[in-house]
Every structure is written in C-alpha cells, then in structure tokens.
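Colleague: here is my input; please provide its structure:
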Amino acid sequence: MKRVFILLLAAVLLTSCSVGQSEASLRKKSTTYISSTIFESVPTFEVTSNDVHNGAWDDKVTNTKYGENLSPDLSWEKVEGASQYVVVMIDGVWLHMDVFTTETSLAEGAIKRGERGNQYVGPYPPTGTHTYSVFVFALKNDMGKVLLAFDAGGNSIDRIYQELNKDKDGNEGNVIAYGRLDGHYTHKD
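Modeller: Residues are numbered from 1 along each chain as shown. This next block holds a predicted model:
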C-alpha cells in the first residue's frame, strides 16, 4: 500500500513538473507575455475557455490563413456587487478584443469586428510566439473614460486597469475583481 502511494505521488509530481515546465517554456518563447501588473492585489476569479488547449489558442480563433477569426468562448464566475464586466484580449500592448457586458460568458464567434465595447480580431503574430491574455474586469459602477486603441499598439493593461478603476463620477475603486486567461499562439508559414 505504501509503495502504491509513493508511486502515485511520484506520478503526480512528475506530471505537475512537466506541465509547469511546459508553461514556463512557452512563456520563455513568448515575446509579449505580461509578467506583472499593478493590480495583482485585487481579488481574482477564474476565466475559462474551451478554445485554449495545452496553453495555446486553437487555430479557429486566429486571424490567420489557418483560422476563422472566431472570438473564443469565455466564461467566468459571477462577482457579487459587479454591475458589468469589461473583457479585453491583449498581446503585450496590442488590443485584440474589447467587450462591455453584464453577462458572465461569451459564446464562441459571438463578437466580431464592430464598435467599441463589442469588437474582436483574432491573434495574428507577425513572427514567433506571442501570448494573448484575456482580462475580465468586474466593475462596481459604470466606467468613466477608457482609452482603448483597438487592433493597434500603444495599449497598456495597467493603464486600462487604472482607467476602469475610476467610475463615471471619478471615484476610485471601481474594479472589484479580475480574472485572467493566457493563451499562446505561434506564427506559422
């Protein structure tokens, strides 16, 4: 019995080490992974998607010749006290999605290239491996002015957070929790 337990423990440790090493390896390859934020002390919740496998986005969500430019399905826990959620997908400083919603999920393909607050363009790294991070911010009140440069560079997740953290009346503390989901995508020729 003791030997079986030791073998099971060794298998679990080996699996978790290889998963951790695989993720660390992908982060090392990525040129756009966001390793730290100014809002790490804010409470968190889980964001999930059926379009991320082994840490990588499925081809179908990409805006490449291999993909269909379908927005990924996303879901997250309801946050008590939240009046709305802001969902962004960002590749370092390049914004691929901005969605303003009161729902706690988005169906695959539901978001297209549209107007502010309802737009998506899939990953299309010019070279190498990029990390496409989805951040979901739970807001207490209506947001104030937020600058989002869609399908363009010059965005900063820290600046987006700071702007969302002020409500329409300028009161601080509007972000009550956030979730994050990272997926990698590697340029293919």
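
Colleague: spatially nearest residue to residue 188, not counting backbone neighbours?
Modeller: Closest residue in space to residue 188, ignoring its immediate chain neighbours: residue 66 at 6.1 Å, by Cβ to Cβ, 6 or more residues apart in numbering. (Glycine included, C-beta is placed from N, CA and C.)

Colleague: what about that neighbour, distance to residue 46?
Modeller: Here the criterion is Cβ to Cβ, to the nearest Å. By it, residue 66 lies 28 Å from residue 46.

Colleague: circling back to that earlier point, how about the residue nearest to residue 188, secondary structure?
Modeller: Look at residue 66: counting by DSSP: H, G, I helix; E, B strand; the rest coil, its state is coil.

Colleague: from here on, count from 374
Modeller: OK, 374 is where the count begins now, so the last one is residue 439.

Colleague: burial count for it?
Modeller: By the measure other Cβ atoms under 10 Å, the count of residues near residue 439 is 11.

Colleague: could you measure it against residue 523, distance?
Modeller: The spacing between residue 439 and residue 523, counted by Cβ to Cβ, is 23 Å.

Colleague: and if you look at residue 517?
Modeller: Counting by Cβ to Cβ, the gap between residue 517 and residue 523 amounts to 18 Å.

Colleague: okay, those two: which has more neighbours?
Modeller: For the pair residue 517 and residue 523, the greater number of neighbours falls to residue 523 (18 against 15), based on other Cβ under 10 Å.

Colleague: so what's that one up against?
Modeller: Residue 523 is in contact with 468, 471, 489, 492, 494, counting by Cβ atoms under 8 Å, 6 or more residues apart in numbering.

Colleague: repeat for residue 434
Modeller: With contact taken as Cβ under 8 Å, 6+ apart, residue 434 is in contact with 424, 440, 441, 442, 443, 444, 445, 481, 495, 496.
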